[in-house]
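**Q** Next input, structure requested:
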Amino acid sequence: MPGPRLVIVFFVYGLAFFAMGLAFALESRRKTDLRLVWVLKYLAAYGVLHAAVEWLDMWFLLPWSPPALAPAALRVVRLGLFVASTVMLAVFGTALIGTLAPRLRAVRWIPLALLIIWLAYWAVGPHLNPLTTARWNPTEASCLRCHETSATLEAARPASPWVPSTAVGDIWVRYLIYLPASAFAAAALWLQGRRFASSGYGRIARDCRWMGAAFAANGMVAGLIVPPARFGLAAIVNYDWFLSVVGVPPQVFRAALAVVIATFGVRILRVFDIEYARRLHEAQDGRLRAQDEALEIARRSAEELEAKVRDRTDELFEQVRRLAILEERDRLAREMHDSLGQVLGFVNLKTKVAEDLIARGRAPDAGEELAQMRSAVQDAYEEVRQAILSLRTTPHGQGLVSSLREYAGRLREQTGLDVRVESSDGLDLAPAVEAQVIRIVQEALTNVRKHAGARGVTVRFARKGRDVLLTITDDGRGFDLIAVEAAKGMRFGLLTMRERAESIGGVLSIRSAPGQGTTVELRIPGAEREGRSGDGPHPRPAG
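**A** Modelled structure (predicted):
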């Protein structure tokens, strides 16, 4: 093959390995769990160094006249690069085998052993058999005819048995290092392909097998087919023999195999992207599972908390209900003591007086006593009716104002007392507050009915921001509050109203004077619930 064509072959040969080495060098810094990444640096070094070897061969083919010592020095450099690249290939293969098959970790020492054997033979061999160096003529017909210029310069100098031949060293590198290195690389890639196949990377596994096969073929072409020499296998299987049989220099096949190796090598690197995508997907699935578990735990905790709150609320409601029952019993007991008990005692006393008068024949006087008894019984009857009416007056879903208006209408029918209820539209209080307000109003109206001698009472609700102001004003006789409290202490009715006001956070005040009626005022801070609006009172009479 003419020299210019071989220049292109060597250029493509080196370019393929350089691109592969660069790609592997970049990927060797990946953060991944795949063990392949641990040995990529060795394969990257092989690619870059071997590319330099092939480009030096290309340089030898260029048509120029270099200085006399330049070709010889470059051949020594080339041989050093060639040895380093093949050792890196052997390290890659044995390291990957040791990583994938820990029982074979001892193979990692093989590259060092091969290098030592080659160094020993290259240093000692020419001295034992100097003819292998002196008689070899690189100008013989072969594909290396393109090196005629440099070869002639080298042949013109007298051959010395103490100067090792780079050509002989090249041959033994191929036999002792390159051939087994290629075999180790092929075996390692075959093992890696099995590992990828078992992990679900089918396509990557096939690429590994093809790359391994290309390395095995390259080992045969580059490791067994060597420059012609008059010793051993090199005298038979060499460049001349291959050229005569195939008709194409072996470097063409090597360049083609380099392209195949680089192509499948770059394809294998996709496994890192696939593995990263898989790990990312697994991480996302794990995060979603963790979120689902957290949501499930939160849901269960919320359900447990809701159940506990519901149970506690039921307990509190039950306690409030019992307290309300006890309060109503206490109120009824006081009312029965103040009214019904006294009336019954009065009736009992009048009954005895009437019996004595009848026994003495004083019928008219006995009739007066019976009339008083009847009046007392009538008052007791009214008290019982008022107590029953008070117990029946509850919101029952119809609202505070509506319940009080209904109560005021019934009270007017029973007692003739004119009760008017005025309220702001849309007044909205909590149910517990409404219950206590109703009881306070009932207690106040009971006091008016019993003690004030009033003809009319006004119950007015007003809104002050979110505060609610309740006033109960009558036109009765009034009283001296200070004198009453100083003389008798707080009455049961007033005490009960203040206790109820305090239970809902309110403040109860009473204003009264003789002949000026009485005003009971209840202020409940923040009593109105959110979401209501409206300003100022809108008076509406009870009936």
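
**Q** Counting by contacts, list what the helix or strand encompassing residue 462 packs against.
**A** If you go by DSSP states H and E, residue 462 is part of strand 456-464. The elements that strand 456-464 packs onto, with contact taken as 3 or more C-beta pairs under 8 Å, 6 or more residues apart in numbering; DSSP states H and E, are helix 400-415, strand 418-422, helix 431-447, strand 467-474. C-beta coordinates here come from the backbone N, C-alpha and C atoms, glycine included.

**Q** Columns distance to residue 525 on top of those, output as TSV?
**A** Listed next are these as TSV, based on distance: least, C-beta to C-beta, whole Å:
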stretch	distance to residue 525
helix 400-415	17
strand 418-422	21
helix 431-447	11
strand 467-474	5
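
**Q** Doesn't residue 427 lie inside a helix?
**A** No. Using DSSP: H, G, I helix; E, B strand; the rest coil, the secondary structure at residue 427 is coil, not a helix.

**Q** Run through the residues that contact the nearest residue to it once chain neighbours are set aside.
**A** Using C-beta to C-beta, 6 or more residues apart in numbering and skipping the chain neighbours, the partner closest in space to residue 427 is residue 461 (5.8 Å). Each residue near residue 461 by C-beta atoms under 8 Å, 6 or more residues apart in numbering is listed here: 401, 422, 423, 424, 427, 468, 469, 470, 537.

**Q** Residue 312 now?
**A** The neighbours of residue 312, taking C-beta under 8 Å, 6+ apart as the test, come to nothing; the list is empty.

**Q** Just want the angle from the helix or strand harbouring it to helix 431-447.
**A** Taking DSSP H and E as the criterion, residue 312 maps to helix 270-335. Angle, helix 270-335 to helix 431-447, by axes from the mean of the first three to the mean of the last three C-alpha atoms, to 10 degrees: 10 degrees.

**Q** shaky segments in the stretch 301-450 of the chain?
**A** Within the stretch 301-450 of the chain, the set of residues satisfying pLDDT under 70 comprises 324, 328, 331-342, 379, 381-398, 425-426.

**Q** Go again with 90.
**A** Judged against pLDDT under 90, the low-scoring parts of the stretch 301-450 of the chain cover residues 301-302, 306, 309-419, 421-450.

**Q** got the buried residues for the host helix or strand of residue 187?
**A** For residue 187, the enclosing helix or strand under DSSP H and E is helix 179-198. When neighbours are counted by 16 or more other C-beta atoms under 10 Å, the buried residues of helix 179-198 are found to be 179-193, 195-197.

**Q** Buried ones among the contacts of residue 461?
**A** Buried residues within the contacts of residue 461, counting neighbours by 16+ other C-beta under 10 Å: 401, 422, 423, 424, 427, 468, 469, 470, 537.

**Q** ok, now how distant is the fifth one from residue 406?
**A** With distances taken as C-beta to C-beta, to the nearest Å, residue 427 is found 16 Å from residue 406.

**Q** that older thread, if we look at the helix holding residue 187, which residues are touching it?
**A** Contacts made with helix 179-198 from outside it, assessed by C-beta under 8 Å, 6+ apart, are listed as 36, 43, 86-87, 89-90, 92-94, 96-97, 100-101, 107, 110-111, 114, 202, 204-209, 211-213, 215-216, 218-220, 222-224, 271.

**Q** Report the angle between the helix holding residue 312 and helix 179-198.
**A** Computed by the same axes, to 10 degrees, the angle between helix 270-335 and helix 179-198 is 30 degrees.

**Q** what about the helices and strands packed on strand 456-464, which gets the closest to residue 300?
**A** Closest to residue 300 of the helices and strands packed on strand 456-464, according to C-beta to C-beta: helix 431-447, at 31.1 Å.

**Q** For that closest one, name the packing helices and strands.
**A** Applying 3+ C-beta pairs under 8 Å, 6+ apart, one finds that helix 431-447 contacts helix 270-335, helix 363-392, helix 400-415, strand 456-464, strand 467-474, helix 492-503, strand 518-524.

**Q** which residues touch the last one?
**A** Strand 518-524 is touched from outside by 429, 433, 437, 440, 444, 448, 452, 464, 467-474, 476, 478-479, 497, 501, 504-512, with contacts defined as C-beta under 8 Å, 6+ apart.

**Q** The helix or strand bottoming out on mean pLDDT in the chain: what's the following helix or strand?
**A** Within the chain, no helix or strand scores below helix 148-156, which has a mean of 37 by mean pLDDT, DSSP states H and E. On the C-terminal side of helix 148-156, the nearest following helix or strand under DSSP H and E is helix 166-173.

**Q** Helix or strand: which one has residue 204?
**A** Residue 204 is part of helix 202-223 when elements are defined by DSSP H and E.

**Q** Same question for residue 74.
**A** Following DSSP H and E, the helix or strand that holds residue 74 is helix 70-100.

**Q** what is the mean pLDDT for that helix?
**A** Mean per-residue pLDDT for helix 70-100: 89.

**Q** list the helices and strands that helix packs on?
**A** Using 3+ C-beta pairs under 8 Å, 6+ apart as the contact criterion, the elements in contact with helix 70-100 are helix 40-61, helix 110-128, helix 148-156, helix 166-173, helix 179-198.

**Q** quick one: secondary structure of the residue sitting furthest away from the middle of the chain?
**A** What lies farthest from the middle of the chain is residue 361; by C-alpha atoms, centre = their mean that is 101.9 Å. When classified by three-state DSSP, residue 361 comes out as coil.

**Q** what sits against it?
**A** With contacts defined as C-beta under 8 Å, 6+ apart, residue 361 is in contact with no residue.

**Q** could we number from 59 for the rest of this?
**A** Sure, I'll start numbering at 59, so the last one becomes residue 419.

**Q** phi, psi of it?
**A** Main-chain torsions, residue 419, degrees, to the nearest 10: phi 80, psi 20.
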